[in-house]
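next comes the sequence, and after it the predicted model I'd like to discuss.
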Amino acid sequence: MVVPYTHEPFTDFSVEENRKKMEEALKNIEAEFGKEYPLVIGGERITTEDKIKVVNPSNKTEILGYVSKSNKNLAEKAMQVADETFNTWRKTDPKFRAGVLFRAAAIIRRRKFEFNAHLVKEGGKPWKEADADTAEAIDFLEYYGRQMLKIKDGVEVNSRPIEHNQFHYIPLGVGLVISPWNFLFAIMAGTTVASMVTGNTVLLKPASTTPIIAYKFIEVLEEAGMPKGVVNYIPGPGSEVGDYLVEHPRTRFISFTGSREVGTRIFEKAAVIQEGQKWLKRTILEMGGKDTIVVDNEADLELAAQSIVQSAFGFSGQKCSACSRAVIHEDVYDQVKDRVVELTNELTVGDPADQNHFMGPVIDQAAYDKILKYIEIGKEEGELLTGGEGDDSKGWFLKPTVFADVDPQARIMQEEIFGPVVALTKAKDFEEAIEIANNTEYGLTGAVITNNREHLEQAREDFHVGNLYFNRGCTAAIVGYQPFGGFNMSGTDSKAGGPDYLIQHMQGKTTSEML
Ligand SMILES: NC(=O)c1ccc[n+]([C@@H]2O[C@H](COP(=O)([O-])OP(=O)(O)OC[C@H]3O[C@@H](n4cnc5c(N)ncnc54)[C@H](O)[C@@H]3O)[C@@H](O)[C@H]2O)c1
Ligand SMILES: N[C@@H](CCC=O)C(=O)O
């Protein structure tokens, strides 16, 4: 028996002991800077000439490591190993597989400060955001382990006196897991273990900006008892390794989290039947968002402003759930706008290794340039109230930026910026606010701040997003509590951390025996 699931508590860094442990961990990991990390295929460590240089986004000259880069040949080798290993792994007792996840969770919990410190450096995460990422990785392990135990025997179906019927789930085969850099630990770990605890073998291609945490996770899985070849670590360019494996006839499913652009490309490529392919590839695609907070006229306006600022600028707005638009009732527009600006001006930006900074850098030069480009567009489309500047001399730092009076159809109201930029717009009533909130091609998260019960019920029905929150911000879903995933161009709504998630990595089999 396992104890019931509860989510991992967050670390309170105002406690002196925790603060010291975190500072110590940040110091200790410096000893690892500049290390080399190999690929892991069938347990074998493979070093390549060509390497990914991983840098600290707060300090471009701080090289965290050199990670071997896979190519088509190594991707093929990994595919063969995963394909072969599937023959045995699929038959392992689900309890054994779940046990690997529980042990891995315990290992990470014991080394939490070390992982947090690594996320501060590799992901540019402020302490609290790093700690939430580690906690979520633990949650996925604990939650999916328990879910597997729940579904392992299938679901009761009817039988008759002359026949015994059974319905249960079996694994699919080799899964390609492609993860993003923003939840470099949690999403990478969650999508990997969901794929493997269900009896599939995995090819893990993490984001090229953040591949080291994924190597460390492979080590944890090995220590927790994962057999060789079950999860194979093959970082490399998406355009080469990703494309090759998406199109591979032996790939049975793809679990992708990332941008709309790459996700839709994978969707198209995966739909093409390759020579020798015997199945329709399954795709689990979790993509971008253009998430809105709606503020009604009967609302706690301080809560509204706090929710907008926290959701827009937490982790520099680099969450698919981040608030990038606020639609505010015209009666309270000026009050909310002024308070949002006041709160934004209180935020500090700097190296997140220093606990006092609310916001760290954005992930790399490409992100920095793209966000600045949107800021220029914003200056044409609305009134810049605060921010609008950056400094990339040492790391990729941008000021939290607020635009007001933006047309609902403007580009900064429609396109995912994925940075610390929020646009405010006015609505004449609640009805219009919901219409504006629904006017993008995405449908990931949203929030409504109101004390009007009828309006909450109206939003429950009409605000078309996968994760809808009332009287709070629109980020920070918790595994097992708020299953996460979006509608429309936000993806396949697979609901990570939810009760239906694992089944998408399996297929139902009916067996009927005559008695
Ligand atoms: N819906 C969600 O749950 C969720 C969660 C986190 C991030 N996101 C989204 O992710 C995006 C940010 O992450 P990103 O910048 O890492 O996204 P991205 O699409 O650029 O990259 C995601 C992954 O895809 C790989 N990739 C790139 N080209 C590829 C190709 N041709 N074939 C296969 N793989 C390829 C990348 O190397 C990376 O591992 C944002 O749009 C954000 O909204 C969504
Ligand atoms: N699950 C996270 C977002 C993941 C995407 O970046 C949240 O709810 O804020």
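Noted; the coordinates are in hand. Ligands and ions are numbered 1, 2, ... in the order given.

get me the contact residues on the stretch 201-350 of the chain for ligand 1.
205-208, 238-239, 242-243, 246, 257-259, 262, 265-266, 286-289, 320 (Cβ under 6 Å from any ligand atom). (C-beta placed from N, C-alpha, C; glycine too.)

could you redo the last one with a cut-off of 5 Å?
A207, G238, S239, G242, D243, T257, G258, S259, V262, E286, G288, C320 (Cβ under 5 Å from any ligand atom).

assign F253 to helix, strand or coil.
Under DSSP: H, G, I helix; E, B strand; the rest coil, F253 falls in the strand class.

ok, now V54?
strand.

all the helices of the stretch 401-515 of the chain, residue numbers only.
Applying DSSP state H, counting those that start in this stretch to the stretch 401-515 of the chain gives helices spanning 411-414, 430-437, 453-462.

using TSV, lay out these together with mean pLDDT.
Output for the helices of the stretch 401-515 of the chain, formatted as TSV (pLDDT from 0 to 100):
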stretch	mean pLDDT
helix 411-414	98
helix 430-437	98
helix 453-462	98
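
did I read that right, I213 in a strand?
No - applying three-state DSSP, one finds I213 to be helix, outside a strand.

in space, what's closest to D429 - neighbours in sequence excluded?
H329 (7.0 Å; Cβ to Cβ, 6 or more residues apart in numbering).

the one you found: how many residues sit nearby?
23 (other Cβ atoms under 10 Å).

same question for I273.
I273 has 12 nearby residues by other Cβ under 10 Å.

tell me which element the closest residue to it other than its chain neighbours falls in.
Closest residue to I273 apart from its sequence neighbours, by Cβ to Cβ, 6+ apart: L280 at 7.9 Å. Using DSSP states H and E, L280 sits in no helix or strand.

could you pull up phi and psi at L280?
Per-residue torsions, L280: phi -90, psi 120 (degrees, to the nearest 10).

still on that earlier bit, I'd like the helices of the stretch 401-515 of the chain as CSV, with mean neighbour count and distance to ligand 2 appended.
What follows is the helices of the stretch 401-515 of the chain, written out as CSV (neighbours: other Cβ atoms under 10 Å; distance: least, Cβ to the nearest ligand atom, whole Å):
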stretch, mean neighbour count, distance to ligand 2
helix 411-414, 20, 19
helix 430-437, 20, 17
helix 453-462, 14, 18
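
re earlier: contact partners for the residue nearest to D429?
Contacts for H329 (Cβ atoms under 8 Å, 6 or more residues apart in numbering) come out as V295, D296, N297, A299, K426, A427, D429, F430, A433.

pull out the buried residues from those residues.
V295, D296, N297, A299, K426, A427, F430, A433 (16 or more other Cβ atoms under 10 Å).

farthest pair in those?
A299 and K426 (14.6 Å; Cβ to Cβ).

looks like R282 contacts F253 (just checking).
Yes - using Cβ atoms under 8 Å, R282 makes contact with F253 at a distance of 4.0 Å.

closest point of the stretch 51-200 of the chain to ligand 1, which residue?
Residue of the stretch 51-200 of the chain nearest ligand 1, by Cβ to the nearest ligand atom: P180 (3.3 Å).

residues of the stretch 51-200 of the chain that sit close to ligand 1?
So far as Cβ under 5 Å from any ligand atom goes, the stretch 51-200 of the chain lies against ligand 1 at I178, P180, W181.

quick check: residues of the stretch 151-300 of the chain near ligand 2?
So far as Cβ under 5 Å from any ligand atom goes, the stretch 151-300 of the chain lies against ligand 2 at N182.

what segments of the stretch 151-300 of the chain are strands?
163-171, 174-178, 201-205, 231-233, 251-257, 282-286, 291-295 (DSSP state E, counting those that start in this stretch).

got the ones you listed as JSON lines, with distance to G34 columns?
Converted to JSON lines, those look like this (distance: least, Cβ to Cβ, whole Å):
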{"stretch": "strand 163-171", "distance to G34": "39"}
{"stretch": "strand 174-178", "distance to G34": "27"}
{"stretch": "strand 201-205", "distance to G34": "23"}
{"stretch": "strand 231-233", "distance to G34": "20"}
{"stretch": "strand 251-257", "distance to G34": "29"}
{"stretch": "strand 282-286", "distance to G34": "33"}
{"stretch": "strand 291-295", "distance to G34": "38"}
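
tilt between the top helix by length along the chain and strand 163-171?
Identified as the longest helix of the chain according to DSSP state H is helix 127-151. Angle, helix 127-151 to strand 163-171, by axes from the mean of the first three to the mean of the last three Cα atoms, to 10 degrees: 160 degrees.

where does this structure dip in pLDDT?
For the chain, no stretch is flagged by pLDDT under 70.

could you chop it up by domain?
Domain assignment of the chain by automatic domain parsing yields the ranges 19-287+494-514, 291-477.

tell me how many other residues surround whatever residue of the stretch 251-400 of the chain ends up closest to ligand 1.
For the stretch 251-400 of the chain, the residue closest to ligand 1 is G258, as judged by Cβ to the nearest ligand atom, at 2.6 Å. G258 sits with 23 neighbouring residues when counted by other Cβ under 10 Å.

excluding its backbone neighbours, what's nearest it?
G258's closest residue in space is P180 (Cβ to Cβ, 6+ apart), at 4.6 Å.

for T47, same thing?
Nearest to T47 is P38, by Cβ to Cβ, 6+ apart, at 4.7 Å.

again with E383
A404 (4.8 Å).

what of A189?
A137 (4.2 Å).

same check, this time on F403
G382 (3.9 Å).

ok, now S68?
T48 (4.2 Å).

need the residues that contact stretch 213-223.
Under Cβ under 8 Å, 6+ apart, the answer for stretch 213-223 is 37, 40, 43, 67, 100, 103-104, 107-108, 115, 118-119, 122-123, 137, 179, 184-185, 188-189, 192-193, 204, 206, 230-231, 233, 235.

helices of the stretch 251-400 of the chain, start to end?
With DSSP H, counting those that start in this stretch as the criterion, the stretch 251-400 of the chain has helices spanning 260-271, 301-313, 333-345, 365-381.

okay, these in TSV with mean neighbour count next?
As requested, the helices of the stretch 251-400 of the chain are exported to TSV (neighbours: other Cβ atoms under 10 Å):
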stretch	mean neighbour count
helix 260-271	17
helix 301-313	23
helix 333-345	18
helix 365-381	17
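
could you dump those helices to a markdown table with distance to R90?
Below are these laid out as a markdown table (distance: least, Cβ to Cβ, whole Å):
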| stretch | distance to R90 |
| --- | --- |
| helix 260-271 | 21 |
| helix 301-313 | 41 |
| helix 333-345 | 52 |
| helix 365-381 | 39 |
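
who wins for neighbours among the residues of the stretch 201-350 of the chain next to ligand 1?
Of those, with other Cβ under 10 Å as the count, C320 tops at 28 neighbours.

correct me, but that one touches G288?
Yes - shown here, C320 and G288 form a contact pair, counting by Cβ under 8 Å, at 5.7 Å.

common neighbours of the two, please.
L444, S490.

the stretch 351-500 of the chain: strands as residue ranges?
383-386, 390-391, 397-398, 401-404, 421-427, 445-449, 467-470.

deepest of these, which one?
strand 445-449 (a mean of 29; mean count of other Cβ atoms under 10 Å).

quick check: neighbours shared by R282 and F253?
L172.

the two: which is more packed in?
It is F253, of R282 and F253, that has more neighbours when counted by other Cβ under 10 Å, with 24 against 19.

distance of I63 from K51?
Using Cβ to Cβ, to the nearest Å, I63 is found at 11 Å from K51.

cool, and N116?
In terms of Cβ to Cβ, N116 sits 26 Å off from K51.

closest to E8 out of the domains of the chain?
domain 19-287+494-514 (4.0 Å).
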